[in-house]
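Asker: Attaching a predicted model along with its sequence, questions to come.
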Amino acid sequence: MPDHPVATEDEWLAARRELLAEEKDFTRLRDQLSAKRRAMPWLRIDKTYRFDGPEGANLALGDLFGGRRQLIVYHFMFGPDWEKPCKSCSFWADGYNGVTAHLAERDTRLVAVSRAPLAKLEATAKRMGWTFPWYSSGDGDFNYDFHVSFHPEQVADGTIRYNFAPTQTKMSDLPGVSAFIREPDGTIYRTYSAYARGLDMLNPAYQLLDITGLGRQEDDLPYPMAWVKLHDEYAG
């Protein structure tokens, strides 16, 4: 017998219906939270940022929209001197290829932005089979202004801000996501950003594991994603 409660079919159905009621409550609360997210005030972006990407060098933030009204930027951890991308960000990015066409139908474009040079990003994308647009912000201010990259002196003295609060870290880069909207006159606004566990809902593998009997199976690990590797590095 498994080391877990086992029920008759009637008992299982009763337990499932009880959980379903809670799931419906959660869905309603999630819809309310999403509405509040959309109702947040917008922050105008007046600063000029530059990127290198598939279309060329010295691109403006507006160019990343690809002609769409909305832009989602995944702040992908990949420092200029790193040999490989962050394995956790790669875990998230593995779910992005298939959604880009669907997002385009909603006038929205999803891209990734990292500090690593474009050549390194393109080589990594080819290795991993990723086709979503990936841009390099280089040594510009974009990553720093959005609080996903930190100067060495900030890390040393613990003065970084991450997830909207002072934080201490030994990392030069951390993950995040930001959403933008562009008006017909070209004005760009930041509508949303999220970091840390706020990114959880963007990972399809985790959402699928959450409906299984064993879940994420991370409780006994030294840290939650200790098991994660680049997808071509798993033995099986």
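Answerer: Great, that's in hand. Please read all numbers here as calculations on a predicted model, not as lab measurements. Numbering: from 1, shown residues only.
Asker: Strands of the protein, start to end?
Answerer: 43-44, 50-53, 56-60, 70-75, 108-114, 134-136, 160-162, 165-167, 176-182, 188-195 (DSSP state E).
Asker: List the strands paired with the fifth one, with their directions.
Answerer: For strand 108-114, the paired strands and their directions (DSSP bridges) read strand 70-75 (parallel), strand 134-136 (parallel).
Asker: so which of those comes closest to A14?
Answerer: strand 70-75 (41.2 Å; C-beta to C-beta). (C-beta placed from N, C-alpha, C; glycine too.)
Asker: mean confidence for the closest one?
Answerer: Averaging pLDDT along strand 70-75 yields 98.
Asker: With only the CA atoms kept, save that strand in PDB.
Answerer: These are the backbone C-alpha positions of strand 70-75, laid out as PDB (Å, rounded to 0.1, in the frame of the first residue of the first chain):
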ATOM      1  CA  GLN A  70       2.000  45.500 -26.000                       C
ATOM      2  CA  LEU A  71       5.400  44.200 -25.000                       C
ATOM      3  CA  ILE A  72       6.300  41.600 -22.300                       C
ATOM      4  CA  VAL A  73      10.000  41.500 -21.400                       C
ATOM      5  CA  TYR A  74      11.400  38.500 -19.600                       C
ATOM      6  CA  HIS A  75      14.500  39.700 -17.700                       C
END
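Asker: my guess is M171 meets V155, correct?
Answerer: Yes: here M171 reaches V155: they are 7.4 Å apart, a contact under C-beta atoms under 8 Å.
Asker: Relative to E9, which of the strands paired with strand 108-114 is closest?
Answerer: It is, among the strands paired with strand 108-114 and with distance given as C-beta to C-beta, strand 70-75, at 43.4 Å.
Asker: For the closest one, which outside residues touch it?
Answerer: For strand 70-75, the external contacting residues (C-beta atoms under 8 Å, 6 or more residues apart in numbering) are 64-65, 89, 92-93, 96, 103, 106-114, 143, 146, 148, 174-182, 202.
Asker: Drop the exposed ones from the residues you listed and show what's left.
Answerer: Buried members of those, scored by 16 or more other C-beta atoms under 10 Å, are 64-65, 89, 92-93, 96, 103, 108-114, 143, 146, 148, 174-182, 202.
Asker: now the helix ranked longest in the chain against strand 188-195, angle please.
Answerer: The helix that spans the most residues within the chain, counting by DSSP state H, is helix 9-39. Put simply, helix 9-39 runs at 140 degrees to strand 188-195, going by axes from the mean of the first three to the mean of the last three C-alpha atoms, to 10 degrees.
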